[in-house]
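*Asks:* Coordinates for the following, if possible.
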Amino acid sequence: MDRTAFEAELHREGRQVVTITMQPNQVNPEHAHDFEARLMVVAGAMTVDYGDHSTTYSEGDTFTMQLGRRHSELAGPAGATYVAGRLKPAA
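*Replies:* Sure thing, here's the model as predicted:
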């Protein structure tokens, strides 16, 4: 799936779509979100550490981050840009 199709799917699902760029080797310390996110790496690479395992995602890879899941992020040596579709639970 390409970026355009991915973003269109996120919009159809009613998600807030954001694009985030991380600088080379930037670290986002351990945290959790109050939303579920579907993500696609559109440039560079990032490693997500889930505590019990780490996964590296490269350009074109997609993944889902569950609501409340603790994790940290590390951008690759060329940085990372990703599109995220955020979906908060219904009130």
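*Asks:* contacts and neighbour counts: CA atoms only from here.
*Replies:* Will do.
*Asks:* Check the gap between residue 20 and residue 52 for me.
*Replies:* 25 Å (Cα to Cα, to the nearest Å).
*Asks:* So between the two, which is more surrounded?
*Replies:* A side-by-side neighbour count of residue 20 and residue 52, using other Cα atoms under 10 Å, places residue 20 first with 11 against 6.
*Asks:* In terms of helices and strands, where is that one?
*Replies:* Using DSSP states H and E, residue 20 maps to strand 16-22.
*Asks:* So for the protein, the centremost residue is which one?
*Replies:* For the chain, the residue nearest the mean C-alpha position is residue 39 (3.9 Å; Cα atoms, centre = their mean).
*Asks:* Confirm for me that residue 23 is in contact with residue 75.
*Replies:* Yes - here residue 23 reaches residue 75: they are 6.8 Å apart, a contact under Cα atoms under 8 Å.
*Asks:* Just want to know which of these two has more residues nearby.
*Replies:* Neighbours around residue 23 and residue 75, counted as other Cα under 10 Å, are more numerous at residue 75. The numbers are 23 against 15.
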